[in-house]
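**Q** Below is the sequence, then the predicted model.
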Amino acid sequence: MEIKLLENQEKKNRIIFSLSGVDTAYANTLRRLMGFEVPVMAIEDVEFRKNNSILYDEVLAHRLGLIPLTTDLKSYDLPEECKCKGAGCASCQVKLTLKATGPGMVYSSELKSKDPAIKPVFSKIPIVKLLEGQEVELEATAILGQGKVHSKWCPGLVYYKIPDPDKNEFIFTVESWGQLNPKEIVLKAIDVYNKQLEEFIDKIKSLE
Ligand SMILES: [Zn+2]
């Protein structure tokens with residue numbers, strides 16, 4: 001197996017590398033792991049205190065869920081793998097609050113996070129436009145999740161091209177949506193793969 005970094009486009013949050021000496025099944029496994037199993041943070045739950053804007057609570061909650069949040073994988077666990085067993089604690093969730101009064105556009109930068117490491121990647125994402133007298137007040141809960149469950153937890157766009165069908169070479173592009181950097185996506189995918197293989201070994205051994 002050989003890996004060569006072809007391009008590191010930091011401004012575009014994108015890396016391009018070539019992977020050779022593996023077959024299509026292996027390359028595709030890596031692609032799927034990167035796109036759908038690498039966890040990132042996203043808003044999953046919203047408690048509304050006030051909302052007399054033009055958008056219904058559920059529409060607003062959906063929009064909030066799609067805002068990419070910077071993700072710190074060292075400090076958070078997936079709820080189902082957390083020591084609290086999914087009940088919710090400081091190791092698996094973070095609260096963000098939003099309080100805005102019209103008139104004016106409410107932007108993602110107005111979401112105030114309890115953890116400075118978990119905040120909107122982009123500050124100028126429009127959430128809702130408020131008119132005079134309209135207000136929104138809410139508390140949102142963000143958790144780690146995986147793209148295979150909902151695309152809001154997708155870490156980015158991952159694909160490969162095969163320049164020469166006779167050679168086992170795959171040109172991978174990993175473009176992050178900003179929650180993690182592209183290298184973190186690749187490394188975390190391998191980490192997830194290792195864990196799955198360990199689980200597989202344990203299960204095989206328990207059959208003996
Ligand atoms: Zn927890």
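**A** Alright, I've got the coordinates.

**Q** Wait, residue 123 touches residue 70, no?
**A** No: counting by CB atoms under 8 Å, residue 123 does not reach residue 70; the two are 11.6 Å apart. Heads up, the C-betas are built off the backbone N, CA and C, glycines and all.

**Q** Give the buried residues for the lengthiest helix in the chain.
**A** For the chain, the longest helix by residue count, based on DSSP state H, is helix 182-207. For helix 182-207, the neighbour count (16 or more other CB atoms under 10 Å) marks 182, 184-186, 188-189, 192 as buried.

**Q** how about the residues of this protein near the ion?
**A** Contacts of the chain with the ion, taken as CB under 5 Å from the ion, map to 82, 84, 89, 91-92.

**Q** Look up how far the ion lies from residue 12.
**A** To the ion, residue 12 is 34 Å away according to CB to the ion, to the nearest Å.

**Q** Residue 126 too?
**A** 32 Å.

**Q** burial measure for residue 167, as a count.
**A** 10 (other CB atoms under 10 Å).

**Q** Helix, strand or coil: sort out it for me.
**A** Assigned with DSSP: H, G, I helix; E, B strand; the rest coil, residue 167 falls in the coil class.

**Q** which phi and psi does the residue nearest to it when sequence neighbours are not counted have?
**A** Excluding the flanking residues, the one nearest residue 167 by CB to CB, 6 or more residues apart in numbering is residue 20, at 7.2 Å. Torsion angles at residue 20 (phi, psi; degrees, to the nearest 10) stand at phi -130, psi 160.

**Q** And residue 65, by the same measure?
**A** phi -60, psi -30.

**Q** list the contacts for residue 206?
**A** By CB atoms under 8 Å, 6 or more residues apart in numbering, the contact set of residue 206 is empty.

**Q** again with residue 94
**A** 41, 76, 113-115, 118, 141-142.

**Q** Any figure for the gap between the residue nearest to the spatial centre of the chain and residue 113?
**A** Centroid-nearest residue in the chain: residue 40, 3.0 Å away (criterion: CA atoms, centre = their mean). Distance, residue 40 to residue 113, by CB to CB, to the nearest Å: 15 Å.

**Q** Check residue 45 too.
**A** Taking CB to CB, one finds residue 45 at 15 Å from residue 113.

**Q** The two: which has the busier surroundings?
**A** Counting neighbours by other CB under 10 Å for residue 45 and for residue 113 shows that residue 113 has the greater number, 18 against 15.

**Q** circling back: so can I have JSON lines of the contacts of residue 94 showing pLDDT and secondary structure?
**A** Putting these into JSON lines (pLDDT from 0 to 100; DSSP: H, G, I helix; E, B strand; the rest coil) gives the following:
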{"residue": "41", "pLDDT": "98", "secondary structure": "strand"}
{"residue": "76", "pLDDT": "96", "secondary structure": "coil"}
{"residue": "113", "pLDDT": "98", "secondary structure": "strand"}
{"residue": "114", "pLDDT": "97", "secondary structure": "coil"}
{"residue": "115", "pLDDT": "97", "secondary structure": "coil"}
{"residue": "118", "pLDDT": "97", "secondary structure": "coil"}
{"residue": "141", "pLDDT": "98", "secondary structure": "strand"}
{"residue": "142", "pLDDT": "98", "secondary structure": "strand"}
